[in-house]
Each structure stands twice: as C-alpha cells, then as structure tokens.
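Colleague: I'd like to go over a predicted model; first the sequence, then the structure.
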Amino acid sequence: MIREDVKRDRKATVLVAGSWGTALALVLASNGYFVTLWTRNAEQAAEINEKHQNSRYLPGSELPANIVATTNMQDALDGAELALFVAPSAGMRLVAKAASPYLAAETLVVHATKGFEAETMKRMSIVLAEELGREPSSIVVLTGPSHAEEVIKKQPTTVVVASESLEAAEKAQDALINGDFRVYTNVDVIGAEVAGAIKNIIALGAGLSDGLGFGDNAKAALLTRGLAEIGRLGTAMGANPMTFAGLAGVGDLVATGTSKHSRNWRAGYMLGDGTPLETVLEKIGMVVEGVRTTRTAYQLSKQFGVEMPITRQLYEVLFEGKEPKAAVEHLMGRLKTHEMEPLG
C-alpha cells in the first residue's frame, strides 16, 4: 500500500544497502520518499541504478525508480531529512565517521542495527552520538519483529521506534508508518537496544536446540528463560522492564527464535547439527550478529553482576569448544530455583 500524503520531493538516505537496509528503503519509497542507498560497493550501486535490483541481498525483488544508490557519501546525504543507519554493529562507527561531515544538523538520525560495539560494549545510539557529535537523546532506534524477506513482500509488520525524545520518535514514526508497516513509539532506548541485541543470542540457542533434534518444549523453555536474561541485563543497565514485554522484547524474540528467515536461528541450527562455526558463517554469507553479541553480553553480565546462564553456555560453545549437547545438559542440571526471580 502506497501512502499518498507524502510529497515525492522529500529525501531519505539509508546506509548501508544490505537486506534490511534495502527493505527499509522500500518502506520509505512506498511512503513517497526519494531514497538514496549508500554502499561502498560500486557494482552493487550500478546494479541498483541500472537494473533496479539488489540481487545479493534480496534476489528476485524489483526496486522502484525512487530508490537509487551511490558510493559517494556527500551525494547520499545531500538534502536528506532522514538518515537511517543500518550498518552491522562492527562497522557502525566507521560509517558514522564517514557520514558526519555531510550530515545536516536538522537531519533526523535513526538506526536499525541490533548489536553492541564489541570493543567498547557500547550501544549503537551511543556510537552514533559520539561520531556524529549529537546528543544521545536525539537518536532514534528502530527495532521489533521484522524479517526483511516479509517486509519487501508488504506482509503485515509491526515495529517500534524508541528515542529519549518523543518528538524525534514521532518524526520517525510518521516517516515509516503505512498500511503494511505499523510503527509504535517508545522512550526506552536502553531497553529497545538491549532487547534487540540479546535476542539474537537466544535465537542462536533456539536454533541450536532444533539442530540437536530437541522438540518444542525445549525451544519454548529457551525462549522464555532467554527473555528473563534479556530482562535482567536490560534492567541492570537502566531499562524499563515493560519494554521486554513489547515488540522490542518478546515480539522480536519470537520472530527471530522460531523462523528460518533468521540468520541467528540458522546459525544455531547448523551448530547443533555439528557444523563448525567457521563453516556456519561462511555458508550464511552475511553478518550473524548473535555470534558477536554473545561475547559482549557475557562480558556485560560480569560487569553488571547479572546471571545469564544461557548466554554463558552459548559463549562456551562458540568460543571455548564446548559441545552443544553438553551445554544443554548443563542448563538442565542447574540448581533448582524460583521462576519469578527479581529482574534487578
């Protein structure tokens, strides 16, 4: 469904042109924006401009005429009223640094990346604020259950945009919402970012459980207890616990932890099936944020004194050579405890 209330002389920029970035470019284009996708890859830019396709990330999908691509950062950001950063967490700081000289003060900054910066353990909004010279309160995060493959098909999708500035969140909401893509607002940036990052770890665990041949009971337990881990860490970092019951928390966890669209679930499944991590990452061929985030979350759990047993076991599987089945046995053999322990 194409919105008719937005003039086509409005410009938005999406950095970078992966599957999620391209899907969000399609949402903005449907809303009447002229969208520029920034990419470092000249061949990818040429394909988007000449063939209206992004075959590596969204094969078989045709892009409309009001989506173009460029490798020139200045051209990409010139006149943009909205800049949507969708770089992987490992590259976000470099992309932001490159964008900073050309980003107008009035441009709304949104990011849709679910992860932490590994070296600093910082959330993406903090990384962007540092490199763009902005107050963290002005940055908006877009998160929630949203597979790119479904968004490009205009299947019903509901997400949340969070910012300490409700005005900024509402501007992002107005830019993105349409009949296929429903957008809620929230002011809990910490909760939105922590939930979006940690759920990738739990999705790895859910995939691993499936790869080991376990059933729905095991996966349901992993997702539920995983949500408790998200809540404990997020609350310790200053989040509102209610955020984890919403789209950023349980919503995204269900979508990512149960779907074959999810790279994190697929990576976990292959690990459970006995495939070495290096081969898993090679076969998927795109960023699996949950692998990187597991190391960071393990460090954060120690820093904040938070118990995260699923995260710890996945850390040992990924980085210490522990057998997946032994990790599950360890979780099942833990000391008995209450289910509803305090989040703090």
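Modeller: Cool, the structure landed.

Colleague: Next SSE downstream of the longest helix along the chain?
Modeller: The longest helix of the chain (DSSP state H) is helix 189-211. Once the chain leaves helix 189-211, the next helix or strand it forms, by DSSP states H and E, is helix 216-236.

Colleague: Show me what that following helix is packed up against.
Modeller: On a contact count with 3 or more CB pairs under 8 Å, 6 or more residues apart in numbering; DSSP states H and E, helix 216-236 meets helix 189-211, helix 252-258, helix 289-303, helix 309-319. Heads up, the C-betas are built off the backbone N, CA and C, glycines and all.

Colleague: in the third one, what counts as buried?
Modeller: In other words, helix 289-303. Glu289, Gly290, Val291, Arg292, Thr293, Thr294, Arg295, Thr296, Ala297, Tyr298, Leu300, Ser301 (16 or more other CB atoms under 10 Å).

Colleague: Repeat that for the last one.
Modeller: Of the residues in helix 309-319, those scored as buried under the neighbour-count criterion (16+ other CB under 10 Å) are Pro309, Ile310, Thr311, Arg312, Gln313, Leu314, Tyr315, Glu316, Val317, Leu318.

Colleague: What lies in contact with it?
Modeller: The contact list for helix 309-319 (CB atoms under 8 Å, 6 or more residues apart in numbering) reads 198, 201-202, 204-205, 208, 222, 225-226, 229, 271, 277, 291, 294-295, 297-298, 301, 322-324, 327-328, 330-331, 334.

Colleague: Can you select the buried ones among the residues you listed for me in PyMOL?
Modeller: In PyMOL, this line selects whichever of these come out buried by 16+ other CB under 10 Å:
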select buried, resi 198+201+202+204+205+208+222+225+226+229+271+277+291+294+295+297+298+301+324+327+328+331
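
Colleague: related to what we said a few turns ago, can you tell me which of the helices and strands packed on helix 216-236 comes nearest to Ser19?
Modeller: Closest of the helices and strands packed on helix 216-236 to Ser19 is helix 289-303, at 12.7 Å (criterion: CB to CB).

Colleague: Pull that closest one out as PDB, backbone CA atoms only.
Modeller: What follows is helix 289-303, C-alpha atoms only, in PDB (Å, rounded to 0.1, in the frame of the first residue of the first chain):
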ATOM      1  CA  GLU A 289      25.100 -10.500  14.900                       C
ATOM      2  CA  GLY A 290      24.300 -13.100  17.600                       C
ATOM      3  CA  VAL A 291      27.800 -14.600  17.400                       C
ATOM      4  CA  ARG A 292      29.500 -11.200  18.100                       C
ATOM      5  CA  THR A 293      26.900 -10.200  20.700                       C
ATOM      6  CA  THR A 294      27.400 -13.400  22.700                       C
ATOM      7  CA  ARG A 295      31.000 -12.300  23.700                       C
ATOM      8  CA  THR A 296      29.800  -8.800  24.600                       C
ATOM      9  CA  ALA A 297      26.800  -9.900  26.500                       C
ATOM     10  CA  TYR A 298      29.000 -12.400  28.500                       C
ATOM     11  CA  GLN A 299      31.300  -9.500  29.400                       C
ATOM     12  CA  LEU A 300      28.400  -7.300  30.300                       C
ATOM     13  CA  SER A 301      26.800  -9.900  32.500                       C
ATOM     14  CA  LYS A 302      30.000 -10.000  34.600                       C
ATOM     15  CA  GLN A 303      30.300  -6.200  34.600                       C
END
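
Colleague: That'll do, ta.
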